[in-house]
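J.: I'd like to go over a predicted model; first the sequence, then the structure.
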Amino acid sequence: MDLSKLTIAEARRALDAKEYSALDLTNAYLDAITAKDKEIHAYLEVWPDSAREEAKVADAMIAKGDAKALTGIPIAVKDNILISGRIASAASKMLENYSASYDAAVISKLKKQGVVFLGRTNMDEFALGGSTENSAYGPTKNPHDTSRIPGGTSGGSTAAVAAGMALAALGSDTGGSIRQPAAFCGVVGVKPTYGTVSRSGLIAAASSLDQIGTIAKSVADARTVLGVIRGHDENDSTSLPDIEEKTPSATKRIGVPRAFLRDGIEPDMFAQFENTLRSLEKAGYTIVDVELPALEYALAVYYIINPAEVSTNLARLDGIRYGLSVPADTIGETYSKSRAAGFGPETRRRILVGTFVLSSGYADAYYRKARSVRELIRADFVKTFESVDAIVLPTSPVAPWKVGEKADPVSLYAADIFTVPVSLAGVPAISVPSGTVERDGRQLPVGFQIIAPHEREDILFAIGGDVERQ
Amino acid sequence: MTIDVSALAKLARLEVSETELKTLEQEIPEILTFVETIQKADISGVAETKGLHNVMREDSGAIESGTHTETILKAAPAREGDRVAVKQVLTRKNK
């Protein structure tokens, strides 16, 4: 089997036809990890023994005719999603030895399918960053050019899928953390509507933005995995009620926020975006200009709300109940020393910025103002979707950069410009590979981002499929 | 804009070294300048939490005491019997 081309759809067919077993498939992936991951560093931990056991269970299910969509499919899990009895560290020293005490809701669903869990993947610590360089365990490299970053924060998951070291992966997206690394690694990444997938068992970064999503080689595969992990969960009070999946309309109107596209985009990244638009036009879509004036505030709103929620969520990590604990004379020093030793530089920075924007005297001008402007952004999307079926944007304004190239926090934040508006509005989006750009003689993948109204993932998959076919 | 980073660090229960303090005193104002654009957004007539509502459940289905005690205590850095052990919280030192 050629793991670089293999999809879930093809593996399902071959497993059910008994062309190879789930154990064969799992061993092939474990071998690929052994061969390649030294260079890529997508995984923080690989679980060969339990993966083989899970594969044997899957083979028994297949033999009995009980195979489900993901039975025997080897997947990778981002290190911020809990699997009972396994370390879940969020790529932080703070949780280096933290063994999860329960399964995340998505993991329970995958276990019922008979999935094979290959290991946990690298990420930016606590899902804060955009390059997977903020991991306490060293950066992941882009499989297309190992001198470059894979994107982040789910960079381990996207690199694993791109390098044929997992058939699919789970990631989490707070401001683009699935879509941007998917784009940089040349794979498909879906951030569902906020509330579609339960956050129970996802280590919280910014709770009003966090959403678990799927990473795969094809739109169809990403859809299959999402179909399994989605659904209402009473353990997540922001989980949406289950609804019947809709079907896309026949109008096929796509909006492009041209005014928002002008600044900071690399010329060849923009040219590639225009290419994709032209091919969609040829495929029968009508492309129209749309205006979402509040988008100019999106980065500012995001970089107030995100640190505010991060500082609140990470307050629970204080060296008392779980995680790293530094012995000290007083309880106050236990808190401050444990947190200083456990959190990396970007995490500490976000906590401090979050503490500032929430502090008495500044909360009105920063946090509360940002919440109101967020409503303007959400309203812009809702209003625009009255006249178009989808909105499209490049996933990233820039191609993957060199490891270590973007050192100051603000230049990294600015690269999130096309993904954060989606997260603030809570609408779903997909990044689909579409073309390449050349850097230092190497072809690097480019992602095309499709955004749909709330709970209309069906539109993402329809248009994403058309982009994929070009 | 000058930010008292050591006061913030105290509020955030985060020990910050002298060297890091100097870097942060530069970086945090830069980040706040980066987000400054929202100050010109017109939010007249916008409700801060429009569309949000509370999600409640019945106060029932309580788990029997002791069900998860071992699992949870296993993760604690220090324990005494069935409790998480911590340093003394109230002291008389600062009279």
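T.: Received, thanks.
J.: in stretch A:279-293, what counts as buried?
T.: Neighbour-count burial for stretch A:279-293 flags A:279-280, A:285, A:290, A:292 (criterion: 16 or more other CB atoms under 10 Å in any protein chain shown). (C-beta placed from N, C-alpha, C; glycine too.)
J.: want to throw those into CSV with pLDDT?
T.: Listed next are the buried residues of stretch A:279-293 as CSV, based on pLDDT from 0 to 100:
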residue, pLDDT
A:279, 97
A:280, 97
A:285, 97
A:290, 98
A:292, 97
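J.: which among these gets closest to residue A:327?
T.: The closest of the buried residues of stretch A:279-293 to residue A:327 turns out to be residue A:292 (CB to CB; 52.2 Å).
J.: Okay, the closest one and chain B: tell me how far apart.
T.: With distances taken as CB to the nearest CB, to the nearest Å, residue A:292 is found 13 Å from chain B.
J.: ok, how many other residues are close to the closest residue to residue A:266 other than its chain neighbours?
T.: Using CB to CB, 6 or more residues apart in numbering or on different chains and skipping residues adjacent in sequence, the residue nearest residue A:266 is residue A:398, 5.3 Å away. Using other CB atoms under 10 Å in any protein chain shown, residue A:398 has 17 neighbouring residues.
J.: One more: residue A:142?
T.: Residue A:142 - counted by other CB under 10 Å - has 31 other residues nearby.
J.: what's the neighbour count on whichever residue of the stretch 101-250 of chain A sits closest to chain B?
T.: Proximity of the stretch 101-250 of chain A to chain B (CB to the nearest CB) peaks at residue A:237, 4.1 Å away. Applying other CB under 10 Å, we find 13 residues neighbouring residue A:237.
J.: who touches it in this structure?
T.: residue B:55 (CB atoms under 8 Å, 6 or more residues apart in numbering or on different chains).
J.: Please report how far the residue nearest to residue A:266 lies from chain B.
T.: 17 Å.
J.: Residue A:383 too?
T.: Residue A:383 is 14 Å from chain B, by CB to the nearest CB.
J.: Does that residue lie in a helix or a strand, and which?
T.: For residue A:383, the host element (DSSP states H and E) is helix A:369-384.
J.: Quick one: name the residues of the stretch 51-200 of chain A near chain B.
T.: Within reach of chain B by CB under 8 Å from any CB of the partner chain, the stretch 51-200 of chain A has these residues: A:98-99, A:101-102.
J.: now do 10 Å
T.: With CB under 10 Å from any CB of the partner chain as the criterion, the stretch 51-200 of chain A comes near chain B at residues A:84-85, A:95, A:97-102.
J.: Near residue B:12, how many other residues are there?
T.: Residue B:12: 23 surrounding residues under other CB under 10 Å.
J.: Who are the contact partners of it?
T.: Contact analysis of residue B:12 by CB atoms under 10 Å, 6 or more residues apart in numbering or on different chains lists A:311, A:314-315, A:335-336, A:339, A:348, A:351-356, A:359.
J.: quick one, longest helix in chain A?
T.: The residue-count maximum for a helix in chain A (DSSP state H) belongs to helix A:22-40.
J.: Of all the helix elements in chain B, which one is longest?
T.: helix B:18-34.
J.: Check which helices and strands that one is in contact with.
T.: helix A:298-313, helix A:345-358, helix A:409-414, helix B:5-11 (3 or more CB pairs under 10 Å, 6 or more residues apart in numbering or on different chains; DSSP states H and E).
J.: Tell me the buried residues in the last one?
T.: Neighbour counts over helix B:5-11 (16+ other CB under 10 Å) mark B:5, B:8-9, B:11 as buried.
J.: give me the subset of those touching chain A.
T.: B:5, B:8-9, B:11.
J.: can those go into CSV with extra columns for distance to residue A:273 and pLDDT?
T.: Shown next, in CSV, are those (distance: CB to CB, whole Å; pLDDT from 0 to 100):
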residue, distance to residue A:273, pLDDT
B:5, 40, 96
B:8, 40, 96
B:9, 42, 97
B:11, 43, 96
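J.: helix, strand or coil for the nearest residue to residue A:288 once chain neighbours are set aside?
T.: Nearest non-adjacent residue to residue A:288, counting by CB to CB, 6+ apart: residue A:255, 5.6 Å away. Secondary structure, DSSP: H, G, I helix; E, B strand; the rest coil: residue A:255 is strand.
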